[in-house]
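Participant: sequence below, structure please.
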Amino acid sequence: MDTREQIFQQLVDECGGGIARVAGSYVRNRSEQEDLVQEIWMAIWRALPNFRGDSSLRTFVYRIAHNRSVTQLVRRRDTGDSDLLESVCDERPGPEGSLIQARDAERLMRAVAQLPLGMRQVLSLRFEGLSYSEISEVLGISESNVAVRLNRARERLNTKLGKTV
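Facilitator: Below is the predicted model of the structure:
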């Protein structure tokens, strides 16, 4: 296996779930998400030889995921489709706890799906553990804008979910 293949396999292992979740934040259903994830990985494979090291490899990968996802949104804009964020499951403490967590997670994801795109973008990247600086690079916005979007998203979610700030 050559270096490019090794790096690519490492990226799939380390970022595979994150890329799928990011793609899920931009598209409506599972089949669209699978298609988008495949497009993203193809774009990453093609772009790897051009990686100059100006950012971390992880930021590079998520930037490609973001760009491909935005391209997908532009393609769908003509049809008037909206977006839906897939739910993310948490650890399973027990049957009753699992049910409560699943309901809470689903409620949260429905609330997130109703947020404006800019807020969903920063939330999905933050959910993947990216720093403000990395999110800033991926989305091409300032770190302070990232902080503002995250704060506004948190406030809206608290309002939608009936919690006080």
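
Participant: mind listing the helices for this structure?
Facilitator: Counting by DSSP state H, one finds helices in the chain at the ranges 3-24, 30-47, 57-77, 95-113, 117-127, 132-139, 143-160.

Participant: send the alpha carbons of the shortest one over as CSV?
Facilitator: Output of helix 132-139 as CSV, limited to C-alpha atoms (Å, rounded to 0.1, in the frame of the first residue of the first chain):
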residue,chain,number,x,y,z
TYR,A,132,-13.2,27.2,17.0
SER,A,133,-10.0,27.7,15.0
GLU,A,134,-10.6,24.6,12.9
ILE,A,135,-14.3,25.4,12.4
SER,A,136,-13.2,28.9,11.3
GLU,A,137,-10.8,27.4,8.7
VAL,A,138,-13.4,24.8,7.4
LEU,A,139,-16.2,27.4,7.0
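
Participant: just to revisit the earlier point, want to throw the helices of the chain into CSV with mean pLDDT?
Facilitator: As requested, the helices of the chain are exported to CSV (pLDDT from 0 to 100):
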stretch, mean pLDDT
helix 3-24, 91
helix 30-47, 92
helix 57-77, 87
helix 95-113, 79
helix 117-127, 91
helix 132-139, 94
helix 143-160, 93
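
Participant: show me the contacts for the spatially most central residue of the chain.
Facilitator: The centroid of the chain falls nearest to residue 22 when counting by Cα atoms, centre = their mean (2.2 Å). Residues counted as contacts of residue 22 (Cβ atoms under 8 Å, 6 or more residues apart in numbering) are 62, 65-66, 69, 124-125, 128. Where you see a C-beta, it was placed from the backbone N, CA and C, and this is true even at glycine.

Participant: now, which of the residues you listed sits nearest residue 42?
Facilitator: Checking the contacts of residue 22 against residue 42 with Cβ to Cβ, the nearest one is residue 65 at 11.7 Å.

Participant: give me the neighbour count for the closest one.
Facilitator: 29 (other Cβ atoms under 10 Å).

Participant: from what I can see it touches residue 39, true?
Facilitator: No - the pair residue 65 / residue 39 is not scored as a contact, 9.6 Å apart, by Cβ atoms under 8 Å.
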